[in-house]
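In: This is a predicted model, with the sequence first.
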Amino acid sequence: MGSPFQRLTSRIGYPDGARRLICANREIFCRFPSFVSCWWSHSDPKTPYGRNMVKRSDISGAVRWSPILGACGIMIAMLALYPSLVWFDRPHPLSQPASSEDRISRFIADYAKHYRLEPALLRAVIKVESDFNPTAVSSKGARGLMQLMPPTVAALNVADPFNPDENIRAGAGELRRLLNRFNGNVALALAAYHAGEARIGPHISVPPYRSTERYVGKVLWYYHLFMDREKQG
């Protein structure tokens with residue numbers, strides 16, 4: 001549980017760096033009022049106390065703190081009260097919002113499970129389509145992570161194709177529909193995703209278009225790469 005002082009600083013939300021500084025110097029903070037009082041009373045450099053760099057005892061034996069130490073006390077108190085002003089202040093990890101990469105990974109895992117897809121396949125399609133850029137726009141008007149075309153956006157009720165959540169939901173659903181359409185044939189589903197279903201029918205194979213063949217090959221390559229990484233942990 002730690003000392004009462006540590007529990008107090010933890011409860012009021014000090015960053016870890018500031019909390020460590022306060023706990024390590026708690027005796028100084030407890031004596032801070034006396035530092036200020038002594039500094040205020042003995043800041044005249046003409047006095048014996050003012051000339052002493054640390055402390056000095058007077059005739060009665062009382063310890064008098066120097067102006068230097070008083071100023072240090074004020075500085076330390078400022079660090080304690082305003083930790084956001086100093087270099088060691090960093091937001092607590094639990095208070096930090098998830099990064100864009102973490103959010104995308106979570107959406108991939110969620111929608112892969114929902115649509116019964118391999119997460120590695122969904123990730124491979126996103127890698128080839130947009131290189132994980134949520135704001136990507138192609139010359140043909142495809143948008144977002146999975147490069148949804150305007151008709152697909154309208155058909156799947158996607159309000160914002162640049163929203164990673166909506167984009168991956170719609171793209172994963174479309175990929176699942178194509179896999180069902182072509183009896184689980186991944187290459188044909190990818191070819192249809194890239195070139196359109198109408199161009200697959202006459203061939204019953206990946207259509208002989210160089211761009212589509214290159215697209216299917218790249219997605220499959222990344223698919224196996226991501227699968228190997230998942231297996232390695």
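Out: That came in fine, so what should we check first? Residues are numbered from 1 along each chain as shown.

In: Quick check: the gap between Gly184 and Val153.
Out: Per Cβ to Cβ, to the nearest Å, Gly184 is found 26 Å from Val153. C-beta here means a position set from N, CA and C on the backbone, and glycine is covered the same way.

In: Which one's more surrounded, the two?
Out: Taking other Cβ atoms under 10 Å, Gly184 and Val153 do not tie; Val153 has more neighbours (20 against 9).

In: Can you check the pLDDT for Pro4?
Out: Residue-level confidence at Pro4 comes out at 52, pLDDT.

In: What of Arg229?
Out: Arg229 carries a pLDDT score of 91 in this model.

In: just Ser139 next, same as before
Out: For Ser139, the predicted pLDDT is 90.

In: cool, Ser84 as well?
Out: So Ser84 comes in at 41 (pLDDT).

In: for the one 3 residues further on, same thing?
Out: Note on Trp87: pLDDT of 38.

In: tell me the phi and psi of Tyr209?
Out: phi -110, psi 130 (degrees, to the nearest 10).

In: And the pLDDT for it?
Out: 77.

In: which element is the nearest residue to Pro119 once chain neighbours are set aside on?
Out: Distances taken as Cβ to Cβ, 6 or more residues apart in numbering put Ala112 closest to Pro119, at 4.2 Å, once the chain neighbours are dropped. Element membership of Ala112, judged by DSSP states H and E, is helix 100-114.

In: what's that helix in contact with?
Out: The contact list for helix 100-114, computed with Cβ atoms under 8 Å, 6 or more residues apart in numbering, reads 98, 117-119, 121-123, 126, 132, 134, 145, 164-165, 168-169, 172-173.

In: can you rerun that using 7 Å?
Out: Contacts to helix 100-114, defined as Cβ atoms under 7 Å, 6 or more residues apart in numbering, come from residues Glu118, Pro119, Leu122, Arg123, Phe132, Pro164, Asp165, Ile168, Arg169, Ala172.

In: Stretch 122-134 too?
Out: 104, 108, 111-112, 136, 144-147, 162, 164, 172, 175, 215, 218-219, 222-223, 226.
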